[in-house]
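[1] below is the structure, and that's it, no one-letter string:
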């Protein structure tokens with residue numbers, strides 16, 4: 001399952017992505033924000049999305065905030081989450097293929113809807129290579145985390 005979540009700064013872009021996903025018949029679940037609230041907090045959304053992504057190995061998530069950095073930092077605090085901030089489709093393909101990233105973070109203040117659609121399309125279609133060297137590195141990273 002694909003999960004989406006955002007704070008107020010990514011609210012518009014998340015809704016544009018939802019319309020695109022519906023048009024492409026891609027299943028997803030929206031975890032909020034469900035309305036614009038300038039006082040909401042991105043760590044809350046990053047935490048709830050991360051928990052859902054961890055429920056099944058093939059789950060993925062897309063998080064939005066203004067810079068993308070806040071949600072990326074917050075999500076990466078959760079054991080088992082490998083979140084990266086995506087700016088172009090080659091980068092996104094690389095970090096999924098090599099690092100088995102399960103959460104794409106999007107900088108809503110710097111990403112237009114068409115670029116967002118391209119990033120998400122690449123995120124969803126790219127598969128982890130499973131190469132031993134990449135798996136070994138991911139296992140080393142997992143030993144660094146303390147929270148779930």
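    That came through, no problem. These numbers come from a predicted model, not from an experiment.
[2] report pLDDT for the nearest residue to residue 30 once chain neighbours are set aside.
    Nearest residue to residue 30, sequence neighbours excluded (C-beta to C-beta, 6 or more residues apart in numbering): residue 4, at 5.2 Å. Using the backbone N, CA and C atoms, a C-beta is placed for each residue, glycine as well. According to the prediction, residue 4 has pLDDT 98.
[3] so how far is residue 79 from residue 4?
    In this view, residue 4 and residue 79 are 22 Å apart by C-beta to C-beta, to the nearest Å.
[4] burial of residue 64, as a residue count?
    Counted with other C-beta atoms under 10 Å, the neighbours of residue 64 add up to 29.
[5] the helix or strand hosting it packs against which elements?
    In the assignment (DSSP states H and E), residue 64 maps to strand 60-65. Contacts defined by 3 or more C-beta pairs under 8 Å, 6 or more residues apart in numbering; DSSP states H and E place strand 60-65 against strand 2-6, helix 11-23, helix 42-53, helix 69-75, strand 103-107, helix 113-125.
[6] mind running it again at 10 Å?
    For strand 60-65, the contact count by 3 or more C-beta pairs under 10 Å, 6 or more residues apart in numbering; DSSP states H and E identifies strand 2-6, helix 11-23, strand 28-30, helix 42-53, helix 69-75, strand 83-85, strand 103-107, helix 113-125 as packing neighbours.
[7] wait, doesn't residue 1 sit right on residue 57?
    No: using C-beta atoms under 10 Å, residue 1 is not in contact with residue 57; the gap is 11.3 Å.
[8] so for these two, which sits in the more crowded spot?
    Taking neighbours as other C-beta under 10 Å, residue 1 and residue 57 compare with residue 1 leading, 13 against 9.
[9] any weak-confidence spans in the protein?
    Applying pLDDT under 70 to the chain flags residues 145-148.
[10] residue 139 and residue 61: what is the separation?
    Taking C-beta to C-beta, one finds residue 139 at 21 Å from residue 61.
[11] tell me which of those two has more neighbours.
    residue 61 (30 against 9).
[12] got the contact list for the residue nearest to residue 6 when sequence neighbours are not counted?
    Nearest residue to residue 6, sequence neighbours excluded (C-beta to C-beta, 6+ apart): residue 64, at 3.8 Å. Residue 64 sits next to 4-14, 17, 33, 42, 45, 71, 104-109, 111, 116 when contact means C-beta atoms under 10 Å, 6 or more residues apart in numbering.
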